[in-house]
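> pasting the sequence and the predicted model now:
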Amino acid sequence: MSIATIPAAPIKFDKFQAADDADCQRRIIAAKEKLGKRLVILGHHYQHESVYRHADYTGDSLKLSRYTENLDAEYIVFLGVHFMAEVADILSRPEQIAILPDLAAGCSMADMANLAKVERSYRELNKVLNFDEQITPITYINSAADLKAFCGEHGGIVCTSTNATKILEWGFAQREKVLFFPDQNLGRWSGYKMGIPLEQMPVWDPDQPLGGLTVEQIKNAKILLWKGHCAVHQMFRLQNIERFRAEHPDGFVISHPEAPFEVCQHSDYVGSTEYILKTISDAPANTKWLVGTELNLVNRLAEQMKPEGKLVQFMSHVVCECSTMARIDPQHLAWVLENLVEGKVVNQIKVPAHEAKLAKLTLDRMLAAS
């Protein structure tokens, strides 16, 4: 009589909760060595140094998206948030496995535009316009896969902070108007750079009838900006810039376009995390910089620039790191990797096939357009 073999259960996370960081660091390194080329770790710039140091490739959303398309590894572990791991799953081959060390690592901005609200807004806009003939939906990459699929279904596209203006140009080449979600700040700044008046970029509130707008406002709009924002970048204020300029008249201010409009207006440079890193890295020695983006990136950059005498300061007077990014810690990373060593996959991110197909369409459009 044959006896069925019951697969061993995955190692439970509670065995790692009490482990100190130093022990986890050793275990992560050991597990990486055992897994070899079967594993690749992608790390977003906003990650804490304690896990960021283990990334094989680092970058912003667009850069990491491009890496994902060409990876040979069996396992892709993403040090980031949920939507990033979804993109890794969508762009990778079917046999590859995307993993997020902590499933609670979400994005508050992405949560501000869920599919139910977007579909309701679609119906509301159709009371005034023919959505599929007059509006191109554009979603920031900081959104769930089902939102990207919605854009795929309705002739839309995905953008990043690097290529938002170029993608808006693509959108207007398709149709006369754009619905831009979930980040109003990125949409407003990108439209402003294209010369679109602020009054033609009203905010669409999905919780209000007709988005809280009049029929005339909707008809006159070029970009309908979703009422959403990044909680971290929303903390930056014009007063922070004024204080820095008073202390360092020869200094420079550089901000991410997720920051409020007036912060971007009063910055010397505005761009993605990759742009911020390159601009400051390429700047002359002994220059002074105020940086309006996530705390972990700024702290890492400040340390890297010290040998060149560059002063790099965080813009906000309060500590505001991305709390959901911070959920990826050494304990979760060690847990995931040791399970892989044992042949067990935990926290796999798998986008449903119908969503993945439509979402990939929007991502492919973005990569081609950018």
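Looks like it came in fine.
> quick one, what contacts the most centrally placed residue in the chain?
With the centre of the chain defined as its mean C-alpha position, the nearest residue by Cα atoms, centre = their mean is residue 142, 4.3 Å away. Residues near residue 142 by Cβ atoms under 8 Å, 6 or more residues apart in numbering: 61, 83, 107, 109, 110, 182, 183, 230. C-betas here are computed from N, CA, C, even on glycine.
> count of residues packed around the residue lying closest to residue 331 once chain neighbours are set aside?
For residue 331, the nearest residue in space outside its immediate sequence neighbours is residue 16; the separation is 4.6 Å by Cβ to Cβ, 6 or more residues apart in numbering. For residue 16, the neighbour count with other Cβ atoms under 10 Å is 20.
> how about residue 16, secondary structure?
For residue 16, the secondary-structure state derived from DSSP: H, G, I helix; E, B strand; the rest coil is helix.
> residue 68 falls within a strand, correct?
No - inclusion of residue 68 in a strand is not indicated when three-state DSSP is applied; the result is helix.
> report the longest helix in the protein, please.
When secondary structure is assigned using DSSP state H, the longest helix within the chain turns out to be helix 353-369.
> okay, that helix in PDB with CA atoms only?
Written as PDB, here are the backbone C-alpha positions of helix 353-369 (Å, rounded to 0.1, in the frame of the first residue of the first chain):
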ATOM      1  CA  ALA A 353      -5.200  36.200 -15.800                       C
ATOM      2  CA  HIS A 354      -8.000  38.500 -17.200                       C
ATOM      3  CA  GLU A 355      -6.700  41.500 -15.200                       C
ATOM      4  CA  ALA A 356      -3.100  40.700 -16.100                       C
ATOM      5  CA  LYS A 357      -3.700  40.600 -19.800                       C
ATOM      6  CA  LEU A 358      -5.400  44.100 -19.800                       C
ATOM      7  CA  ALA A 359      -2.900  45.600 -17.400                       C
ATOM      8  CA  LYS A 360       0.000  44.400 -19.500                       C
ATOM      9  CA  LEU A 361      -1.600  46.100 -22.400                       C
ATOM     10  CA  THR A 362      -1.400  49.400 -20.600                       C
ATOM     11  CA  LEU A 363       2.200  48.800 -19.400                       C
ATOM     12  CA  ASP A 364       3.300  47.800 -22.900                       C
ATOM     13  CA  ARG A 365       1.800  51.000 -24.200                       C
ATOM     14  CA  MET A 366       3.600  53.000 -21.600                       C
ATOM     15  CA  LEU A 367       7.000  51.300 -22.200                       C
ATOM     16  CA  ALA A 368       6.600  51.900 -26.000                       C
ATOM     17  CA  ALA A 369       5.500  55.500 -25.500                       C
END
